[in-house]
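Asks: Fold the stuff below for me.
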Amino acid sequence: MTPPGALRAVTLVLTRACNLACRYCPRDPRRDETMSSGTLHRALDVALALAGPRLIVEFTGGEPLLAPELLREAVAWSYPPGVPRARIATPPRVACRLLTNGLLLDPATLDLLAEHDVALQISCDGPRAQDQRGPGTLAELEHVFAEIRRRRPEYWRRRVAVSAVFTPATVPDLAEAVAYFFSQEVPAIAIAPACGSAASWGTAVCAELTRQLALIFELAAVHRRRTGRAPLQHLRGGAVAAAAGPAAFACGAGRKASFVVDTDGSVHGCSYLVRARRSRLTRAALRLAAGLTYGHVADPDFAARWREPAAAASLADVLRRTERMGEGRPCVGCELDDACSACPVAGAVPGVVPDAHCLFARLAHRDSIRFQESGPLTDLLRAGGLRDDALRPVASWFASARS
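Replies: As a prediction, the model looks like this:
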């Protein structure tokens with residue numbers, strides 16, 4: 001069991017540089033700094049000292065593959081021969097994840113990731129929407145997918161996922177994107193709305209999103225009948241932790257369970273706010289970002305201050321003082337509450353969740369329950385007379401075992 005206040009996850013921004021210019025990305029294109037080796041090691045040492053029994057280490061950017069040697073150092077630290085961790089009586093079990101656009105993944109890096117069991121999350125938005133990331137990049141990614149399947153088939157099946165982001169303009173392409181990922185045999189697929197998009201998530205977009213998610217549900221059901229697999233993460237269920245406390249969010253931003261280390265070593269509570277271009281943030285968002293700045297990993301007393309309960313403002317506490325809204329209604333009292341996947345700073349005003357983000361979170365939650373309560377096993381048990389309330393734990397167990 002993780003003790004209260006123990007660090008569960010750390011995100012390291014290895015570099016601000018990127019080889020793409022995605023239209024919806026909040027990254028400031030004028031910044032291209034890369035984390036120093038010293039800052040990397042200090043950040044990892046601090047994370048290790050604060051960790052509970054398990055620690056997730058996430059490498060991101062920018063594009064982290066633009067800093068290959070730093071990535072190699074980070075992976076080597078996470079899976080050492082045993083000497084560095086001799087200082088800690090019970091070192092945590094470390095699990096690493098790389099977030100990348102995948103275009104710079106070469107055989108040597110793939111081998112490094114596979115040999116150290118680093119989870120790989122590749123950003124790809126589907127046949128049409130991928131042009132928002134970079135024209136012509138879909139064909140390059142198809143080659144990357146094929147190479148991973150060919151060189152490391154077991155790693156592909158167990159540790160590779162695709163993350164697809166949709167904007168108001170690309171909502172009509174969502175089902176087509178999912179069908180494409182199925183055709184590419186992608187083993188795990190996550191879809192989510194873009195944060196900070198300047199375009200409107202109006203009534204028409206919400207209606208189309210509802211239609212697309214219904215199509216995706218049917219596609220996923222057919223795919224499961226044909227292959228026995230359920231790649232879509234929002235349909236697997238049980239993925240979000242409900243132990244965040246009241247009026248919190250599933251992302252964990254601002255809670256004392258995770259933090260983000262920027263390239264300069266500064267520590268923050270929200271990955272989106274730390275990477276977003278300052279000029280695009282409202283005054284309220286800037287105040288929130290300041291409240292979620294925790295200091296610097298090089299500070300001698302950082303670890304001690306982090307352990308103090310009142311060391312920094314919690315995002316949940318900050319937003320609890322506002323009227324958090326989604327689809328024109330307050331979040332307080334919603335059936336999702338602290339399991340909500342919607343980003344509380346996704347819109348123009350912190351604490352006002354865009355309608356489409358709220359809708360997606362609710363429909364994804366509903367569909368995950370429906371998906372677990374359907375399928376060959378549950379259909380067989382239902383035919384045998386088992387009631388739906390008794391089916392739910394059986395279906396949930398079966399879904400988690402298959403995934």
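Asks: Only C-alpha atoms from now on, for both contacts and neighbour counts.
Replies: Will do.
Asks: now the strands: where do they sit in the stretch 201-350 of the chain?
Replies: Using DSSP state E, counting those that start in this stretch, the strands found in the stretch 201-350 of the chain span residues 258-261, 266-268, 293-296, 325-326, 329-330.
Asks: can you redo those strands as TSV with mean neighbour count, mean pLDDT and distance to T15?
Replies: Shown next, in TSV, are the strands of the stretch 201-350 of the chain (neighbours: other C-alpha atoms under 10 Å; pLDDT from 0 to 100; distance: least, C-alpha to C-alpha, whole Å):
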stretch	mean neighbour count	mean pLDDT	distance to T15
strand 258-261	25	93	11
strand 266-268	22	93	13
strand 293-296	19	90	17
strand 325-326	19	64	34
strand 329-330	15	70	38
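Asks: So which of these is nearest L65?
Replies: Proximity to L65, assessed across the strands of the stretch 201-350 of the chain by C-alpha to C-alpha, is greatest for strand 258-261 (17.2 Å).
Asks: Can I get that closest one in PDB? Just the C-alpha atoms.
Replies: This file holds the C-alpha atoms of strand 258-261, laid out as PDB (Å, rounded to 0.1, in the frame of the first residue of the first chain):
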ATOM      1  CA  SER A 258       3.000  13.500  -8.900                       C
ATOM      2  CA  PHE A 259       5.000  16.400 -10.300                       C
ATOM      3  CA  VAL A 260       6.500  17.600 -13.600                       C
ATOM      4  CA  VAL A 261      10.200  18.600 -13.900                       C
END
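Asks: For it, which strands pair with it and how are they oriented?
Replies: With DSSP bridges as the test, strand 258-261 is paired with strand 7-13 (parallel), strand 266-268 (antiparallel).
Asks: C-alpha coordinates for the helix or strand F371 falls within, PDB please?
Replies: For F371, the host element (DSSP states H and E) is helix 355-372. C-alpha atoms of helix 355-372 as PDB (Å, rounded to 0.1, in the frame of the first residue of the first chain):
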ATOM      1  CA  ASP A 355     -18.900  21.100 -23.100                       C
ATOM      2  CA  ALA A 356     -17.300  18.500 -25.400                       C
ATOM      3  CA  HIS A 357     -14.700  17.500 -22.700                       C
ATOM      4  CA  CYS A 358     -17.500  17.000 -20.200                       C
ATOM      5  CA  LEU A 359     -19.500  15.100 -22.700                       C
ATOM      6  CA  PHE A 360     -16.600  12.800 -23.700                       C
ATOM      7  CA  ALA A 361     -15.800  12.000 -20.100                       C
ATOM      8  CA  ARG A 362     -19.400  11.100 -19.300                       C
ATOM      9  CA  LEU A 363     -20.000   9.000 -22.500                       C
ATOM     10  CA  ALA A 364     -16.600   7.300 -22.100                       C
ATOM     11  CA  HIS A 365     -17.600   6.300 -18.600                       C
ATOM     12  CA  ARG A 366     -21.000   5.100 -19.700                       C
ATOM     13  CA  ASP A 367     -19.600   3.100 -22.600                       C
ATOM     14  CA  SER A 368     -16.900   1.400 -20.500                       C
ATOM     15  CA  ILE A 369     -19.700   0.000 -18.300                       C
ATOM     16  CA  ARG A 370     -21.800  -1.000 -21.300                       C
ATOM     17  CA  PHE A 371     -18.700  -2.600 -22.900                       C
ATOM     18  CA  GLN A 372     -17.800  -4.700 -19.900                       C
END
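Asks: so what secondary structure elements neighbour that helix?
Replies: strand 189-193, helix 203-227, helix 233-236, strand 325-326, helix 388-402 (3 or more C-alpha pairs under 8 Å, 6 or more residues apart in numbering; DSSP states H and E).
Asks: Could you give the average pLDDT over it?
Replies: Mean pLDDT, computed over helix 355-372, is 90.
Asks: Give me the angle between it and strand 189-193.
Replies: For helix 355-372 against strand 189-193, the angle by axes from the mean of the first three to the mean of the last three C-alpha atoms, to 10 degrees is 150 degrees.
Asks: Buried ones in helix 355-372, by neighbour count?
Replies: For helix 355-372, the neighbour count (16 or more other C-alpha atoms under 10 Å) marks 355-365, 367-369, 371-372 as buried.
Asks: Of the residues you listed, which is the nearest to S258?
Replies: Nearest to S258 among the buried residues of helix 355-372: A361, at 22.0 Å, using C-alpha to C-alpha.
Asks: Hmm, D173 is touching A129, no?
Replies: Yes. D173 lies in contact with A129 (C-alpha atoms under 8 Å); the separation is 7.2 Å.
Asks: And these two? Which one has more around it.
Replies: Neighbours were counted for D173 and for A129 using other C-alpha atoms under 10 Å; A129 has more, 23 against 19.
Asks: Next one: V118, what pLDDT does it get?
Replies: In this model, V118 is scored at 96, pLDDT.
Asks: quick one, what contacts it?
Replies: 95-98, 159 (C-alpha atoms under 8 Å, 6 or more residues apart in numbering).
Asks: Grab the nearest non-local neighbour of V205.
Replies: Nearest in space to V205, with sequence neighbours left out and distances taken as C-alpha to C-alpha, 6 or more residues apart in numbering, is P168 at 6.1 Å.
Asks: Can you tell me the SS state at that neighbour?
Replies: Following DSSP: H, G, I helix; E, B strand; the rest coil, we place P168 in the coil state.
Asks: What about it, how many residues nearby?
Replies: The local packing of P168 (other C-alpha under 10 Å) involves 20 other residues.
Asks: Check the spacing between it and V261 real quick.
Replies: Remark: distance between P168 and V261 (C-alpha to C-alpha, to the nearest Å) = 31 Å.
Asks: and if you look at R224?
Replies: Computed as C-alpha to C-alpha, the R224 to V261 distance reads 39 Å.
Asks: likewise R236?
Replies: Distance from R236 to V261, by C-alpha to C-alpha: 30 Å.
Asks: Please apply the same query to A119.
Replies: Computed as C-alpha to C-alpha, the A119 to V261 distance reads 19 Å.
Asks: and if you look at F217?
Replies: Applying C-alpha to C-alpha to F217 and V261 gives a distance of 37 Å.
Asks: cool, and E58?
Replies: Using C-alpha to C-alpha, we find E58 at a distance of 10 Å from V261.
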